[in-house]
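what would the 3D arrangement of this be:
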Amino acid sequence: MDRFERLASALRRIPGLEVRENEPMKRHTTFRIGGPARLMALPRSRKEAAAAVRAATEAGIAPFFLGNGSNLLVADHGYEGFVLKACGLDQVREVNRRLRAESGITLARLANAALGRGLTGLEFAHGIPGTLGGAVVMNAGAYGGEMVQVLTAVTYLDGAGEEHTLPAAACALTYRHSRFSQSGEWVLSAEVQLTPGCSREIYAVMDRLGTARREKQPLEYPSAGSAFKRPPEGTPPAAALIDRCGLKGLQVGGAQVSEKHAGFIINRGGATASDVAELMRQVQKTVQEREGVLLEPEIRLLGSFEEGM
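The predicted structure follows:
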């Protein structure tokens, strides 16, 4: 019995915890790409989550914490590891104009919860296809808004399965990064500070941003959102650089640089992780050669990939 088999056995002894082996990751990413994860657990309560983390620590296996898989590319051969997915941790409540929500809630649902309470500040998040936990980890943002602007506190699990709460100022949120990006700690819940507003106006902003997304982004195809991070200040956006290089429509297998928005790599059907990775390498190489800018991937890679990105 190897350590994953021992961990699987320990996880199955946790009451109520759903455990899956060799789970296809394409079911859990917005790219709809990815081979199987050796082991996956889907806790639906904080108690289950803490017990799963403790079991992994005792087995000497570091979990990969998964939200909605909206900025993730999983290798075709899969991931020889343990995935913890916060599928059932999705409750939200209001306390003194602050929303306290669990990490598995989608940003769309959280923004709608704010709208329903007449609270403004989360309109930017309504169209981001991720969960609150993932948004905290990467300081997600769009249309001039970022999580750092509204976040006030984060509760997380350490490797011993113990809960801790930090003020947002201690979470080191910067552009698409936080202390949780590589810390091995799992965001359980977060609190955001919002401002009373007019529900009609809040809805109008959300509707306007939603229309802009539909008009400018290839939402009709699976993708992982923006493929590359924003270049250094004073440099044109990644999409502009890619477009300037004439790379819209460039295709490798089923993966394509979107003709609608050059910052997106889309799965036109049957794309593999290798297709996407090779296309990203080609884009990076061309932009660096012609524009002198090395684009940094915003998409996270999970599993074994060739070096070069």
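
A helix includes Thr211, no?
Yes - counting by DSSP: H, G, I helix; E, B strand; the rest coil, Thr211 is part of a helix.

could I get the pLDDT score of it?
The score at Thr211 is 96. That number is its pLDDT.

name the element Gly225 belongs to?
Per DSSP states H and E: Gly225 is located in strand 223-226.

next structured bit after that strand?
helix 238-244.

helices or strands next to that following helix in the packing?
helix 273-291 (3 or more CB pairs under 8 Å, 6 or more residues apart in numbering; DSSP states H and E). Backbone N, C-alpha and C define where each C-beta goes, glycine included.

residues in contact with the strand holding Gly225?
29-31, 70-73, 128-129, 238-239, 258, 263-267, 298-299 (CB atoms under 8 Å, 6 or more residues apart in numbering).

what lines up beside the helix-or-strand element of the chain with minimal mean pLDDT in the sheet?
Using mean pLDDT, DSSP states H and E, strand 141-142 stands out as the lowest-scoring helix or strand of the chain, at a mean of 92. Paired strands of strand 141-142, with direction, are strand 145-146 (antiparallel) (DSSP bridges).

give me the mean pLDDT for the partner strand.
94.

swap in stretch 151-167?
For stretch 151-167, the mean per-residue pLDDT is 96.

over to stretch 58-68?
Per-residue scores along stretch 58-68 average to 94.

show me the strands in the stretch 51-200 of the chain, by range?
64-66, 72-74, 79-85, 92-95, 98-102, 119-120, 141-142, 145-146, 151-157, 163-167, 186-193, 195-196 (DSSP state E, counting those that start in this stretch).

in the longest one, what counts as buried?
When you say that, I think you mean strand 186-193. 186-193 (16 or more other CB atoms under 10 Å).

then the third one?
Taking 16+ other CB under 10 Å as the neighbour-count basis, strand 79-85 is seen to contain the buried residues 79, 81-85.

the fifth one now?
Within strand 98-102, the residues scored as buried using 16+ other CB under 10 Å are 99-102.

going by distance to Thr286, which of these wins?
Set against Thr286, the nearest of the buried residues of strand 98-102 by CB to CB is Ala101 (41.4 Å).

Provide a list of residues in contact with the nearest residue to Ala170 once chain neighbours are set aside.
Among residues not flanking Ala170 along the chain, Arg179 sits closest, at 7.7 Å (CB to CB, 6 or more residues apart in numbering). Counting by CB under 8 Å, 6+ apart, Arg179 makes contact with 170-172, 185.

ok, the residue lying closest to Leu301 once chain neighbours are set aside - contacts?
Setting aside the residues directly before and after it, Leu301 is nearest to Leu73 in space (CB to CB, 6+ apart), at 5.5 Å. For Leu73, the contacting residues are 29, 31, 33-34, 224, 273, 276-277, 299-302, by CB under 8 Å, 6+ apart.
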